[in-house]
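Undergrad: Sharing a sequence plus its predicted fold:
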Amino acid sequence: MHQPVNEFLFGAFALLLGAAVGSFLNVCIYRWPVDLSINRPRRSFCPSCKQPIRWHHNLPLISWLVLGGRCANCGAKISFRYFAVELVTALLFFAVWQRFPWQIAIVYWIFVSLLIIGTFIDFEHFIIPDRVTIGGVIAGVVCSLAVPALMGTDSRVAAGLRALLAAALGYVILLIVLEAGKIAFGRKRIRFDGPTPFSWTKRGEDADFIVGTEESLWSDYFAREKDRLLLQCDEARIDHHTFGNVMLEFRYDRVTANGQLLMLDDVTHISGVARELVIPREAMGRGDLKFLAAIGAFLGWRAVLFSLFAGSLLGSIVGLVTLVVGRPVWSAKLPFGPYLAFGAISWMFFGQIFLRWYAGLLTP
Ligand SMILES: [Zn+2]
C-alpha cells in the first residue's frame, strides 16, 4: 500500500542527489584540468571575482535559475555549463535509479559521473585527465568485483577478469584505429596547384590566416599544445625578417624559420608564397583510448564495440552537418570523448534491446 509513496520518495531522492552530485562534478570539471585541489579552497568561488560563493547562492539548479546565471557578488555571467551539468546529472541519476536494481544503480551513478566529467573537460580542453580514465578503469574493476552482476555472472573472479579484459579490448581496439587513422589521415598534406600567397595577421588574441582565397581563424588549427602546422614557402616575411626558400613550423603560439624561433605574441604580420601546407595532427588523443578502456571496465566487452560504433556514427553525422553548414575544413578540433560517452550511455539503457534486435537479424 505504501509502495507508490516509497517509489516516489526514492525517485525524488535520486533526482536531488543527482543535482547535488552534478554541482560537485562542476567543481571537478573546472579544477581537474588546471590542477586545483578539490578541497582547497573548500568553498566554491566565482571564476570571475574569486569571491567564495555563499551556500544559499550555491544550491544546485535553483541558484543558477534564481540568479539568472550571474554571480551574486560581481554580476559576471556564469556559464550555462554549470546548470547543464547539474540537470544532466540529475536526470541520469533518476533514469538509472528507475531502470536498474539498486546495487547496479549505485555503480552506474559512479560511472555516469565519470562520463560527465570526461565529456565536459574534453569539450573545453580536448583532453581527458587520467583521474577520469585510469581512475575509471580501476573503479570499474573494483565495482565488478563488488557487484559481479555488472559483468553478467555471480563469480567475483570471473567478473573482475571480464572487466579487465574488456578494458584491455577498449584500449587496444582504439589504438589500432588510431594507428590506422594516422596512416590514412594523420598527416593532412595540402599541395597547392601553384605558388599560393598567404598571410597571417594578428587580430586581438587570435589571428586571421589566409591561404589563397581560404580565410580562417588561427585558433581553428590548434587543439592541443603539441599541434603543429608546417608551411613550405618559396619566400616568407615575418615582420621585417625575410626568408628565401623556407619551411615555417608553427605552434599555436610560436613559429620557427631556419632555426630561428619567434613568439607569435611579438609578431604582427607574416606573409609570403607557399607551396604546401601540412597539419601533422592526431585525430584522437591518448585519453580517448583510456576512456574507452574505462567504459569496458564498467560495461563489458560488448559495450566497448557498441560505444565505438555508436560514437563514430554520431561523430560522422555531426561532422557531415558541420561540413554542410559550412566552416572548419582543416580544423584539428575533434573531441571524441563525448561521442564515446554517448555510446556508453546508449548501451546502458538500450544495449539489451539492441542485442535482441541484432540476434533477430541473424536468425530469421
Ligand atoms: Zn563574481
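TA: Right, received. Where do you want to start?

Undergrad: Can you find the helix or strand in this structure with the smallest mean pLDDT?
TA: The helix or strand of the chain with the poorest confidence is strand 214-217; it has a mean of 81 (mean pLDDT, DSSP states H and E).

Undergrad: what about whatever residue of the stretch 201-350 of the chain ends up closest to the ion, neighbour count?
TA: Distances between the stretch 201-350 of the chain and the ion by CB to the ion are smallest at Glu205, namely 22.1 Å. Where you see a C-beta, it was placed from the backbone N, CA and C, and this is true even at glycine. Counted with other CB atoms under 10 Å, residues neighbouring Glu205 total 8.

Undergrad: and the longest helix anywhere in the chain, what does it pack onto?
TA: Scanning the chain for the helix with the most residues, using DSSP state H, yields helix 3-31. In terms of contacts (3 or more CB pairs under 8 Å, 6 or more residues apart in numbering; DSSP states H and E), helix 3-31 is packed against helix 80-99, helix 102-125.

Undergrad: And the contacts of the first one?
TA: Translated: helix 80-99. The contact list for helix 80-99, computed with CB atoms under 8 Å, 6 or more residues apart in numbering, reads 10-11, 14-19, 21-23, 25-26, 29, 60-61, 64-65, 69, 105, 108-109, 112-113, 116, 120, 345, 348-349.

Undergrad: dump the residue contacts of the residue nearest the centre of the chain.
TA: Centroid-nearest residue in the chain, with CA atoms, centre = their mean: Asp122, separated by 2.3 Å. Taking CB under 8 Å, 6+ apart, we find Asp122 in contact with Ile128, Gly287, Pro335, Phe336, Gly337, Pro338.

Undergrad: how much space between the fifth one and Ser219?
TA: Right, the one you point to is Gly337. 20 Å (CB to CB, to the nearest Å).

Undergrad: who has more neighbours, the two?
TA: Between Gly337 and Ser219, Gly337 has the larger neighbour count (other CB under 10 Å), namely 26 against 14.

Undergrad: Touching, that one and Asp288? I think so.
TA: Yes - Gly337 is in contact with Asp288 according to CB atoms under 8 Å; the separation is 5.9 Å.

Undergrad: what is in contact with these two at once?
TA: Ile128.

Undergrad: check contacts around Ser23.
TA: Per CB under 8 Å, 6+ apart, neighbours of Ser23: Asn58, Pro60, Tyr82, Glu86.

Undergrad: which of those residues are close to the ion?
TA: The subset of the contacts of Ser23 within reach of the ion, by CB under 5 Å from the ion, is empty.

Undergrad: Can you say which of these are buried?
TA: Among these, the ones that count as buried by 16 or more other CB atoms under 10 Å are Pro60, Tyr82, Glu86.

Undergrad: Could you point out which of the residues you listed is nearest to the ion?
TA: Tyr82 (12.9 Å).

Undergrad: sorry, back to before: turn the helices and strands packed on helix 3-31 into JSON lines, including mean pLDDT and distance to Ile295.
TA: Listed next are those as JSON lines, based on pLDDT from 0 to 100; distance: least, CB to CB, whole Å:
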{"stretch": "helix 80-99", "mean pLDDT": "96", "distance to Ile295": "15"}
{"stretch": "helix 102-125", "mean pLDDT": "95", "distance to Ile295": "8"}
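
Undergrad: Dump these to TSV, plus distance to Leu175.
TA: Converted to TSV, those look like this (distance: least, CB to CB, whole Å):
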stretch	distance to Leu175
helix 80-99	29
helix 102-125	18
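
Undergrad: What's the separation between whichever residue of the stretch 101-250 of the chain sits closest to the ion and Ser307?
TA: Across the stretch 101-250 of the chain, the shortest distance to the ion (CB to the ion) belongs to Glu124, at 19.6 Å. Using CB to CB, Glu124 is found at 21 Å from Ser307.

Undergrad: again, but for Ala167
TA: Note on Ala167: its distance to Ser307, by CB to CB, is 13 Å.

Undergrad: Same question for Met348.
TA: 10 Å.

Undergrad: The two: which has the busier surroundings?
TA: Ser307 (27 against 24).

Undergrad: what sits against the residue lying closest to the more buried one once chain neighbours are set aside?
TA: In this structure, Ser307 finds its nearest non-sequential neighbour in Gly343, 3.2 Å apart by CB to CB, 6 or more residues apart in numbering. Contact partners of Gly343, counting by CB under 8 Å, 6+ apart, are Ile295, Phe306, Ser307, Leu308, Phe309, Ala310, Gly311, Leu314.
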